[in-house]
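Q: I'd like to go over a predicted model; first the sequence, then the structure.
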Amino acid sequence: MIGTGDGNGPSIKARRIEPADGNSSMFSRTDELHLRVQRLSLREQIERNHFLLVRLNAASARLIEALDHGDVFDAIAEIIANLIGSEEIAVFDYCPANQNFSLAWSWGVETDALQSFLCGAGMFNRAVQQGASQFRDRQPIATLLPYEKNLTACIILKSSREIAGVIAIFGLLPQKNNLEWADYELLKFLETYAAVALQFHRLQTKQTAP
């Protein structure tokens, strides 16, 4: 008989209910799985960052080497070819005063195919107006111009907070379907430091000119 609470009924001792062995084992396996997933996630983050840092270090070292050898354009092309995966590249200068583009250098692309970009429309225009690099896979299809069908990315070159030019990256290598997370991070690096290297190169050329 259960007591009614008036003190006359028999006392009831509270007992701790232990989970059955099967349930305990199940909880243990669930916790272990959860911890394993967490460890794998953290390890993946570290490995991804390590992979990016290795690529950034390689790109930085190549640009520094280019300052001594005077081959900055070649260095930019090597970085994009080896670390991004494209052998179709062009560098355009941009004049803010006139708001026009001029072709500074190209590799793997016919010069005639680049003439349409000199008008500064499409992705080039958005890059300059927004002060941000543009990527074809992030553009509304309706906004792409006919001659931009092979343009993968338009990377701005910032010098003293101004747009000094753009790097146009066209088709990717056959084994590469699209740009990846580490590619975007490396291209951010080029926005500033490729611009700095090019500025250094041009000042050096002026200084050594007869």
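A: In hand now; what should we look at?
Q: how about residue 100: what's its closest non-neighbour residue?
A: Using Cβ to Cβ, 6 or more residues apart in numbering and skipping the chain neighbours, the partner closest in space to residue 100 is residue 120 (6.3 Å). C-betas here are computed from N, CA, C, even on glycine.
Q: who does the helix ranked longest in the chain touch, helix- and strand-wise?
A: Determined from DSSP state H, the single longest helix within the chain is helix 21-69. If contacts are counted by 3 or more Cβ pairs under 8 Å, 6 or more residues apart in numbering; DSSP states H and E, helix 21-69 sits against helix 72-79, helix 181-208.
Q: could I get the contacting residues of the residue nearest the centre of the chain?
A: Computing the C-alpha centroid of the chain and ranking residues by Cα atoms, centre = their mean puts residue 184 first, at 1.1 Å. For residue 184, the contacting residues are residue 135, by Cβ atoms under 8 Å, 6 or more residues apart in numbering.
Q: low-confidence ranges, the protein, go.
A: By pLDDT under 70, the low-scoring segments of the chain are 1-27, 209-210.
Q: ok, so what distance separates the residue nearest to the centre of the chain from residue 98?
A: Separation of residue 184 from residue 98 (Cβ to Cβ, to the nearest Å): 30 Å.
Q: please apply the same query to residue 166.
A: 15 Å.
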